[in-house]
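In: Generate coordinates for the sequence data below:
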Amino acid sequence: MNKLLVVFGATGNQGGSVINSVLDDATLRQEYKIRAVTRDASTAAAQHLLQKDIEVVTGNADDTQSVEKALQGAHTVYFLTATIYDSMLQEREISQGRRIADAAVAVGAKYLIFSTLPSIKENSGGRYNKGGHFDCKTQVEKYIRTLPVKSAFFAPGSFMQNFATNLRPNATDDGTYVLATVASPATKLPLIDITETGKYVSAILANPDAFQGKTLCAATGLYTMEEIVGIISRSTGKTVAYRQLPEDAFRKFLPPAMGDYIVHMLLYIQDFGYYGKNTEELVAWAASQARGKLHSLEDYLAENPLELN
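Out: Numbering: from 1, shown residues only. Just a heads-up that it's a prediction; the model follows:
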């Protein structure tokens, strides 16, 4: 009998990638039956999953009864928490993560896979203490590790998709472009095409015992800020430079609710590494475990051209 894999956030990049990776793998497709959980089963993305003969259910991570219903019969659960930059960010994410984990254990699930992040506060020795959007996920991870259930963790790096949104280079008066943050040009970002989440998670699904208790620090590789703008320049045919801004100047470009989170995150990455002192080794190991070729930043931009106007 197929094991029931329940995937939260099924219509998003992470959950959708996990689902596609299972469907595209003949062995995993035979081993797992998928139940997709989404907040709104009437959306076009949810209907698309139905067309793939996948069970789609409505589930709200803020509602215990809804979560318990979505998890009935689950063997393996992939889940994440939603980051919304407001005063309730940490409380909400910790509550969501613990609610799903507790419900999964209650219904008899055997294996949990959680989308986590490293602790900025712990890895920096308390120097950067306003990175709650990372730290709250670490707290959920720690809680899961105390539960009577096997577990593994997926910790994505910085999304390549961000270069089309909040890390998009801005035009200058002379026709060139600038990518500006508070971090130094030598700061290394571990980059991931987040639609490749499934290449990592499918490795866990294929051999869960081997990954029990382990974390996949998921990124294709590390890129300095200078390397990033060089790749974007070659991809777009535009001149793109990197500029490090003073903190006060950088904050002016951020919504007030995001300021502390983003500044502390970037300075932490600059000073301590995204995953801490062993970032390079952790990224290299995780990449070696992924099933299938991973997109480099060059590959990603070739398939998803960045339009700079």
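
In: Other residues contacting the helix or strand bottoming out on mean pLDDT in the chain?
Out: Within the chain, no helix or strand scores below helix 44-51, which has a mean of 94 by mean pLDDT, DSSP states H and E. For helix 44-51, the surrounding residues in contact (C-beta atoms under 8 Å, 6 or more residues apart in numbering) are 10, 11, 16, 19, 36, 38, 40, 56. Where you see a C-beta, it was placed from the backbone N, CA and C, and this is true even at glycine.

In: Could you check how far the third one is from residue 90?
Out: Counting by C-beta to C-beta, to the nearest Å, the gap from residue 16 to residue 90 is 26 Å.

In: same thing with the last one?
Out: As judged by C-beta to C-beta, residue 56 and residue 90 stand 30 Å apart.

In: quick one: which of these two has more around it?
Out: Taking other C-beta atoms under 10 Å, residue 56 and residue 90 do not tie; residue 56 has more neighbours (22 against 15).

In: what sits against the more buried one?
Out: 10, 35, 36, 38, 41, 46, 49, 50.

In: Then residue 124?
Out: By C-beta under 8 Å, 6+ apart, the neighbours of residue 124 are 268, 271, 272.

In: I'd guessed the last one sits against residue 121; true?
Out: No: here residue 272 does not reach residue 121: they are 10.8 Å apart, not a contact under C-beta atoms under 8 Å.

In: burial measure for residue 131, as a count.
Out: 27.

In: What does the pLDDT read for it?
Out: For residue 131, the pLDDT comes out at 98.

In: Residue 66: neighbouring residues, count only.
Out: By other C-beta under 10 Å, the residues close to residue 66 number 18.

In: With residue 64 instead?
Out: The number of residues packed near residue 64 is 15, by other C-beta under 10 Å.

In: Might you report the residue contacts of the residue nearest to it when sequence neighbours are not counted?
Out: Leaving aside its chain neighbours, residue 64 sits nearest to residue 99 (5.8 Å; criterion: C-beta to C-beta, 6 or more residues apart in numbering). By C-beta under 8 Å, 6+ apart, residue 99 lies in contact with 61, 62, 64, 67.
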